[in-house]
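Attaching a predicted model along with its sequence, questions to come.
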Amino acid sequence: MLIVRALLFVAVMLVAATGMGNLIRRDDEGRLMAVVYGFAIEWALAFAVGVPLVLLEKRLSLLAAVLMGLYLLLLLAGLIVTIMRARKGAGKPTGKPLSGSEIVYLGIFLSIVLFVLYKTVFYAYADGDDSFYVATARVAEASDRMYLLDAYIGTPAPIPYRYAFAPFPMWVSSLARVSGIDSATLSHSVLAPMLIVLTYIIFNEISKLLFGAENREKRYMFLILAAVFELFSNVSTSTAGTFMLTRARQGKEALACIILPLLFYKLFKIAKEGGKVGFRDFTAVFAITGAAALSSLLGNILVPIMLLGAVIWMFATGKGLKNAVATGLPVVISMITVLLYLKMR
Amino acid sequence: MERILDNLRDFSGKGFLFVLLLASIVFLGLKLKKGVVKALTVWLPVFVLAIFFCPLWSFYMERADDGEILYRIMWIIPYAVIVCFALVEAIEMVPRRFRPVSLLLAVAVIMVSGRYIYINPHFSKAENSYHVPQVVVDICDDIIVEGREVRACFPIEHIQYVRQYTPYVCLAYGRTVLMGYGFNEYSNVDEFLKEEEIDMQGLTQALRACDTPYLILKNDKKITEVPDTYGFNYVRSYDDYDLYLDENAYLGLGQESED
């Protein structure tokens, strides 16, 4: 029964994320990127709705209801956009059939991914931080209260502002409440493999920018090496690769392995297009900045550093004030969050 | 600067992957022509490294509680992307027929430079979908009383799991006691549990002081007397762990109706 429910959850999440993500996915981006953008939108909305509700000590069920309503609305809008695009014939695959070597390389890469997913679901990693993040989600799911009980021992506690401003566990908790899958199972066995796949999707899209979409042999070699690199990145507990394969359920992992690589990809894409920031690019950067804020308070520092780098590059290469402002504007989210946190803590 | 270098050492481990990153940046810097790809794979990492090595961080690290997380700035550098891009570019320089062998060589370079994640001793076969030891699940299932919370004192090795599985079991002490800088405001039971031989009289008094009727002990743990001596009666064993219940405990309607 749990397996059926989990598979249903994955299917619904993929459809919802794809629908929402299509709102900001450009026609020249891979279709799978819609899933990644969809998650970014979900996280940005969870941040925008979650933080005020947490600070106002509202119930989790209210957050879940508002979020699901917003997700549904955006999903419907996304579906309309998807249908309109399909009618125009945008995004139709135009590639040639795979060659023998490409099939081999792609097969090796996908085998590594499957191996990683197997390890993620069927092997447990004892990470002490789960006793806060997963337990916080589990407590909220059961008590319908957000951050009002100490996750470690269960006594009433004041709101921990450091975490309340980055309520990634409340997003998990909302999904748990709606799906009926408890937060622990959802975190460790269902969301973890999904989040890992998002990283590989981003790597695939980055490979298109590095080598060109048509240069599949090089791209698949790159993907094999990147997958092996992550497998062997356990030189410390702090590397992004270690986070990806041991903590794919925590906001910090989402920040290090999905949100920052996604922003890198997006800025790369914008730069390749000559620094022109279209509406969809602007919306995507906004969503990514919001997602970073949900994942970790540190996201409000790391994302602005990247955006600062992009803005400096734009000024240095004469890409125009409009594009620089459009790229830098989402930093407002980070600034407001940090200022509020400093005031309230 | 010493603090920053220590932080980098903690992040980079033996440092071979970091050396590989630096080598990749230099290689790409020499090979690529001026352009977007070079800006993103060469100048972005240099920009981030310049921020990371900014001496002002030393002052921050000296004063802030969370100074040790400076390494997270390095997350901005897409390590895997840059290193693997450089490796593929290097593979491209060899004749086509040698490319599969070159790819294997590149894989070997990564394997030698890094450390395989699944040999990490913190990995174990998952015993259930919660990724919580089954013994914790079994104990929690047996002590939960419907309609209320119960408080229990679990051994230190299990405290991180209990409330992931169920928030209806509260703890006498939590993970803060393991965090180095943390302490347990709620009770002092952890002080007794940390001793090589547990002072059972002191522990049971501390448990009653924090309304904790359940005690779980590993059965090979040295104790001054059996808990039953002080009214914590043996209930049953779960693998290597024994469950005790305070004879004075009031466990609520759930248990009464069962009786």
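Nice, thanks for sending it over. Numbering: from 1, shown residues only, chains lettered A, B, ... in the order given.

mind listing what residue 115 touches?
Because you didn't say which chain, this covers chain A. Residues counted as contacts of residue A:115 (C-beta atoms under 8 Å, 6 or more residues apart in numbering or on different chains): none. Bear in mind the C-beta positions are built from the backbone N, C-alpha and C, glycine included.

was after chain B, sorry
Here residue B:115 is in contact with A:232, A:233, A:234, A:235, B:13, B:14 (C-beta under 8 Å, 6+ apart).

Same question for residue B:109.
Residue B:109 neighbours (C-beta under 8 Å, 6+ apart): B:20, B:87.

in chain A, which spans are strands?
Taking DSSP state E as the test, the strands found in chain A are A:123-125.

mind showing which ranges of it have poor pLDDT?
Chain A contains residues with pLDDT under 70 at A:90-94.

ok, longest helix in it?
helix A:60-88 (DSSP state H).

mind listing what's buried in it?
Using 16 or more other C-beta atoms under 10 Å in any protein chain shown as the test for burial, helix A:60-88 gives A:60, A:63-64, A:66-67, A:70-71, A:74-75, A:78-79, A:81-82.

Would you mind putting these into TSV with distance to chain B alongside?
What follows is the buried residues of helix A:60-88, written out as TSV (distance: C-beta to the nearest C-beta, whole Å):
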residue	distance to chain B
A:60	12
A:63	17
A:64	17
A:66	23
A:67	21
A:70	27
A:71	25
A:74	28
A:75	27
A:78	28
A:79	31
A:81	28
A:82	29
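
Closest one to residue A:5 out of the residues you listed, please.
residue A:64 (16.8 Å; C-beta to C-beta).

Grab the nearest non-local neighbour of that closest one.
residue A:174 (4.0 Å; C-beta to C-beta, 6 or more residues apart in numbering or on different chains).

separation between the one you found and residue A:189?
Distance of residue A:174 to residue A:189, given as C-beta to C-beta, to the nearest Å: 18 Å.

Quick check on the two: which one has the bigger neighbour count.
residue A:174 (30 against 23; other C-beta atoms under 10 Å in any protein chain shown).

The more buried one reaches residue A:66, doesn't it?
No - when contacts are counted by C-beta atoms under 8 Å, residue A:174 is not listed as touching residue A:66 (9.2 Å).

what does the stretch 51-200 of chain A put close to chain B?
Residues of the stretch 51-200 of chain A found near chain B (C-beta under 8 Å from any C-beta of the partner chain) are A:101, A:119, A:121-128, A:130-132, A:134-135, A:138-139, A:141-143, A:149-155, A:182-185, A:188-189.

Just the ones of the residues you listed in helices?
Short answer: these in helices (DSSP H) are A:101, A:119, A:121-122, A:130-132, A:134-135, A:138-139, A:141-143, A:183-185.

are any of those buried, and which?
By 16+ other C-beta under 10 Å, these give A:119, A:121, A:130-132, A:134-135, A:138-139, A:141-143, A:183-185 as buried.

Between which two of those is the distance greatest?
Between any two of these (C-beta to C-beta), the greatest distance is 32.7 Å, for A:119 and A:143.

where does the stretch 51-200 of chain B dip in pLDDT?
For the stretch 51-200 of chain B (pLDDT under 70), the answer is B:180-184.

Reduced to three states, what does residue B:242 come out as?
strand (DSSP: H, G, I helix; E, B strand; the rest coil).

just the strands in chain B please.
Under DSSP E, chain B gives strands at B:123-125, B:150-153, B:169-171, B:197-198, B:214-218, B:222-223, B:232-238, B:241-246.

With mean neighbour count and distance to residue A:279 as extra columns, can I get those strands in JSON lines?
Rendered in JSON lines, the data for the strands of chain B read as follows (neighbours: other C-beta atoms under 10 Å in any protein chain shown; distance: least, C-beta to C-beta, whole Å):
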{"stretch": "strand B:123-125", "mean neighbour count": "12", "distance to residue A:279": "45"}
{"stretch": "strand B:150-153", "mean neighbour count": "23", "distance to residue A:279": "54"}
{"stretch": "strand B:169-171", "mean neighbour count": "24", "distance to residue A:279": "50"}
{"stretch": "strand B:197-198", "mean neighbour count": "15", "distance to residue A:279": "65"}
{"stretch": "strand B:214-218", "mean neighbour count": "21", "distance to residue A:279": "58"}
{"stretch": "strand B:222-223", "mean neighbour count": "12", "distance to residue A:279": "68"}
{"stretch": "strand B:232-238", "mean neighbour count": "16", "distance to residue A:279": "59"}
{"stretch": "strand B:241-246", "mean neighbour count": "20", "distance to residue A:279": "59"}
